[in-house]
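>>> Build me a model:
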Amino acid sequence: MSTLKDGDYNIPVKLEGGSGRAGIASPAPVHIEDKQTTATITWSSEHYDYMKVDGKKYLKTNKSGNSTFEIPVKDISKPLDVIGDTTAMGRPYEIGYTITFDTAKAERSGGPSASTVAVPVIIACAAAAVIACIAIRRKKKKAKSNE
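So this is what the prediction gives:
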């Protein structure tokens, strides 16, 4: 089982199997939430129309460009056997592959969460509002004393 905590990661991946002509983008984006792991796999070809993981079929998530899939990963610390269906050879062929995630090199992706950023921003805005109010009151008081 993965020792990675909930969050978004970029994890280097290695693809084995097939003819060796196809590849996948590395690192792969991985999302972990409530012990559920989803990897985004982007092939080096636009000719993959589905993938199978544990016998279940997953369709492309994009309409153009290299084929991209969001697939579940039961245990990211172990190699994952998948099937990719390619139409590049005139008719569809299901080809077996193994994807290995190098979790030792996983890097958090994205910036800080919204709540991490929101609190300091709210404090800064409140401080700016207070300073602006003080400045306005001083100007009004000075204007009154000059009358």
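>>> Check which residues of the longest strand seen in the chain are buried.
In terms of residue count, the longest strand belonging to the chain (DSSP state E) is strand 93-101. For strand 93-101, the neighbour count (16 or more other CB atoms under 10 Å) marks 97, 99, 101 as buried. C-beta coordinates here come from the backbone N, C-alpha and C atoms, glycine included.
>>> and those as CSV, adding distance to residue 32 and pLDDT?
Shown next, in CSV, are those (distance: CB to CB, whole Å; pLDDT from 0 to 100):
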residue, distance to residue 32, pLDDT
97, 22, 97
99, 16, 98
101, 11, 97
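>>> how about low-confidence regions in the protein?
Within the chain, the ranges that satisfy pLDDT under 70 run 1-2, 111-130, 132-135, 140, 142-147.
>>> Tell me which stretches of it form helices.
114-145 (DSSP state H).
>>> From residue 10, how far off is the residue most central in space within the chain?
Centroid-nearest residue in the chain: residue 29, 4.3 Å away (criterion: CA atoms, centre = their mean). With distances taken as CB to CB, to the nearest Å, residue 29 is found 6 Å from residue 10.
>>> Overlap of the contact sets of the two?
residue 109 (CB atoms under 8 Å, 6 or more residues apart in numbering).
>>> What count of nearby residues applies to the closest residue to residue 110 other than its chain neighbours?
With sequence-adjacent residues excluded and distances taken as CB to CB, 6 or more residues apart in numbering, residue 110 is closest to residue 8, at 5.0 Å. Residue 8 has 13 neighbouring residues, counting by other CB atoms under 10 Å.
>>> Pretty sure residue 8 sits against residue 29.
Yes - using CB atoms under 8 Å, residue 8 is in contact with residue 29, at 6.8 Å.
>>> overlap in contacts of these two?
Common neighbours of residue 8 and residue 29 (CB under 8 Å, 6+ apart) are residue 109.
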